[in-house]
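S.K.: coords please:
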Amino acid sequence: MFKPMELRRLLIASIKFHRNAHKPLLGPLASQCSLRYMSCLQYTHTPSGSTSAKLDNHGKSLIVQANGEDSSYHSTWLRHNCQCPSCLAPSGQKTIDLSEITPSITLKSVALIDGRLNLFWSSGHHGYIQIDYLQTRRNLQQNADLSTPKTAIDLPVMSATGLTNDREKLWRWLYLLNEYGVCLLTNMGEVQEECKKLAETMYNVQDTVYGETFHVEAQEDFVNIAYSNQTLTFHMDLIYYESPPGLQILHCLRFDDCVEGGESVMLDMFPVVEELREKWPKHFKTLSRVPATFQKIHYEREKPVEMVSYCPHIQLDRYGKVVRMSWSPPFEGPLDVPKEDVIPYYEAYHCLAQMLDKSKLKLSHRLKPGEAMTFNNRRILHSRKHFTLNGGQRHLQGAYVNIDHFKSTYEVLCKQLGKTEVPIRRVFNVNSS
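M.R.: Below is the predicted model of the structure:
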C-alpha cells in the first residue's frame, strides 16, 4: 500500500505527463520514438489486466507479475531505462543526468496506470516505463536460443528481378541470408555496378582498400591472389580489419564456356565450429582463447597498406555462444603468443582446418553470367577452384555491406512488414542476438 503523500505525488506526476500530451503506448510520444523503441512499444503483446507490480527488498527491486509469472527488475536498471521525456529523446537517445544516479538508488513508489509503470525514485525523479517494454526484454531472454542459425543443405536461390524496388522481395532475400548465410541470386543482368545498386538497398557500400567495388579476374600483376587463376582455399575476406566486411556480393559478368574450373565453393563455418566444441572441447577452448594474427602488408601497390590485427578464431559471449569467427589462412601473420600456447594452438588449428576441408556441408556452384553469389562474410567461408581460361574470360564484380547495416535493414523490414514472428538469427558481429 502507498502512503497518502506518495500516492498524491504519483497522481500529480501522472497528470503532468498527460497535460504534456505524453500518452501511453500509441500517443504522440510513441509516434515520435525511434524505430528501436517502437519495436518495444508497438509490436509486442500487451499484458492482460491481471498485471501487477510491487516493490521488494526495501525498494531495491520491482516485482512485475504478468501472465502468471514474476519478473524482478533492479531499481538502478529501471532508472537507467526510464522512458520519460526527461530521460529519452524522440530520437531514441538517452538524455539521463548520470550524476543523479548512484548504484544505491531505490524506488519509493510505483503505480501501474494504462499499461505504464509510473515510478518515483529516491533521488526525487518521477518517470515511467511501459510494461510492454519489460515484456519484450523478457521475451528476448527466453528466446535466446532462436538466434541459432540454420545450415543450408542445398544452395538457396531466388530471382533478383524487382528486388531493388520491392520491399517484400528485399525482405525475402535478407531473410534467406539471415537464416542460411548464403543465397544465389539469378536474373541480375550482365551490367557492371549492379552489385553496388543491390548493396545500396541497405546502406552505402562498405569502402575498403580495394575500393567501393572490385573486379575479380585473372591478371598478370595481381595485388591479391583472388585476381589470378590460382586455387583459393576457404577464407573470409579482409579479416584483418577491426570490422571486416559483412555481406559480400559477387556478381558474375562473364564466365565463358571454354573456361575450365573456377567453381565457387561455400561452407557454413558455424556448424563445423560447434562440431569442434562437441568432439574436441580442448581445441575449441584453445581457439577461443589464443589470438591469431591477421595482416595485410603490401607496399607495392598504388596505395600501400599495412594492417595487422589479433583475435581468436572463435569468440564467445558471456553465455558461451559463438558470436564471431575469423578464418583467413592467406592473410595470417606470424603467431605472436607465449611459448606455452604455440603447440596447443597449432594442434587445435590443424584439427579445425581438417574438419573444414572434410566437411560434407560444402556447396559448390559454377556461376553463370547474370548470377550473384551473396553471403555473410562473417559466417560463410568461400573458396574457388583453379581455372584455365583457354582463351576465354572469367569476370566477377564484388561489393561489401557492413554487417550491422545488413542486420539493421533486416530487422527494420521485419517490423515494418509485420514479420514479427520470424526469429532474428545471429550474424556473428560479436553480438549475441
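
S.K.: show me how far the one helix or strand Trp77 maps to is from its chain's centre.
M.R.: For Trp77, the host element (DSSP states H and E) is helix 75-80. Centre-to-centre, helix 75-80 and its host chain are 27 Å apart (C-alpha atoms, centre = their mean, to the nearest Å).

S.K.: and stretch 243-255, by the same measure?
M.R.: Worked out by C-alpha atoms, centre = their mean, stretch 243-255 lies 18 Å from the chain centre.

S.K.: name the residues of that stretch that are buried.
M.R.: Pro244, Pro245, Gly246, Leu247, Gln248, Ile249, Leu250, His251, Cys252, Leu253, Arg254, Phe255 (16 or more other C-beta atoms under 10 Å). Every residue, glycine included, has its C-beta placed from N, CA and C.

S.K.: same question for stretch 349-367.
M.R.: Buried residues in stretch 349-367, defined by neighbour count with 16+ other C-beta under 10 Å: Tyr349, Cys351, Leu352, Met355, Leu356, Ser359, Leu361, Leu363, Leu367.

S.K.: for those, which one is nearest Ser147?
M.R.: Ranked by distance to Ser147 (C-beta to C-beta), these are led by Leu361 at 19.8 Å.

S.K.: so how far is stretch 105-118 from its chain's centroid?
M.R.: Using C-alpha atoms, centre = their mean, the offset of stretch 105-118 from its chain centre is 34 Å.

S.K.: got the buried residues for that stretch?
M.R.: Those would be Ile105, Thr106, Leu107, Lys108, Ser109, Val110, Ala111, Arg116, Leu117, Asn118, for stretch 105-118 by 16+ other C-beta under 10 Å.

S.K.: name the SS class of the first one, please.
M.R.: Yep, that's Ile105 we're talking about. Secondary structure, DSSP: H, G, I helix; E, B strand; the rest coil: Ile105 is coil.

S.K.: tell me the contacts of it?
M.R.: Listed by C-beta atoms under 8 Å, 6 or more residues apart in numbering, the contact partners of Ile105 are Ser75, Thr76, Arg79, Trp121, Ser122, Ser123.

S.K.: got a markdown table for the buried residues of stretch 105-118, with pLDDT too?
M.R.: Converted to a markdown table, the buried residues of stretch 105-118 look like this (pLDDT from 0 to 100):
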| residue | pLDDT |
| --- | --- |
| Ile105 | 93 |
| Thr106 | 95 |
| Leu107 | 95 |
| Lys108 | 95 |
| Ser109 | 94 |
| Val110 | 94 |
| Ala111 | 93 |
| Arg116 | 92 |
| Leu117 | 94 |
| Asn118 | 95 |
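
S.K.: distance to Arg378 for these - can I get that in TSV?
M.R.: Listed next are those as TSV, based on distance: C-beta to C-beta, whole Å:
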residue	distance to Arg378
Ile105	39
Thr106	42
Leu107	41
Lys108	46
Ser109	47
Val110	42
Ala111	46
Arg116	39
Leu117	38
Asn118	43
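
S.K.: so of the residues you listed, which ones are in strands?
M.R.: If you go by DSSP state E, the buried residues of stretch 105-118 have Leu107, Lys108, Ser109, Val110, Ala111, Arg116, Leu117, Asn118 in strands.

S.K.: look up how far Asp237 lies from the first one.
M.R.: Using C-beta to C-beta, to the nearest Å, one gets 50 Å for the distance from Leu107 to Asp237.

S.K.: thinking again about what came up before, just checking, what packs against the helix holding Trp77?
M.R.: Judged by 3 or more C-beta pairs under 8 Å, 6 or more residues apart in numbering; DSSP states H and E, the packing partners of helix 75-80 are strand 61-66, strand 116-121.

S.K.: now, of these, which is deepest in the fold?
M.R.: Most buried of the helices and strands packed on helix 75-80 by mean neighbour count (mean count of other C-beta atoms under 10 Å) is strand 116-121; its value is a mean of 22.

S.K.: relative to Ser309, how far out is Val337?
M.R.: 14 Å.

S.K.: do the same with Met355
M.R.: In terms of C-beta to C-beta, Met355 sits 24 Å off from Ser309.

S.K.: please apply the same query to Glu100.
M.R.: 40 Å.

S.K.: between the two, which is the more surrounded one?
M.R.: Shown here are Glu100 and Ser309; by other C-beta atoms under 10 Å, Ser309 has more neighbours (18 against 12).

S.K.: which phi and psi does that one have?
M.R.: Main-chain torsions, Ser309, degrees, to the nearest 10: phi -140, psi 160.

S.K.: give the bridge partners for it, please.
M.R.: Phe294 (DSSP bridges).

S.K.: which of the helices and strands packed on helix 75-80 sits closest to Ile129?
M.R.: strand 116-121 (5.1 Å).

S.K.: following the chain onward from that closest one, which element is next?
M.R.: Counting by DSSP H and E, what follows strand 116-121 is strand 126-130.

S.K.: domain ranges for the protein?
M.R.: What the record gives for the chain is the domain set 4-142, 146-416, from automatic domain parsing.
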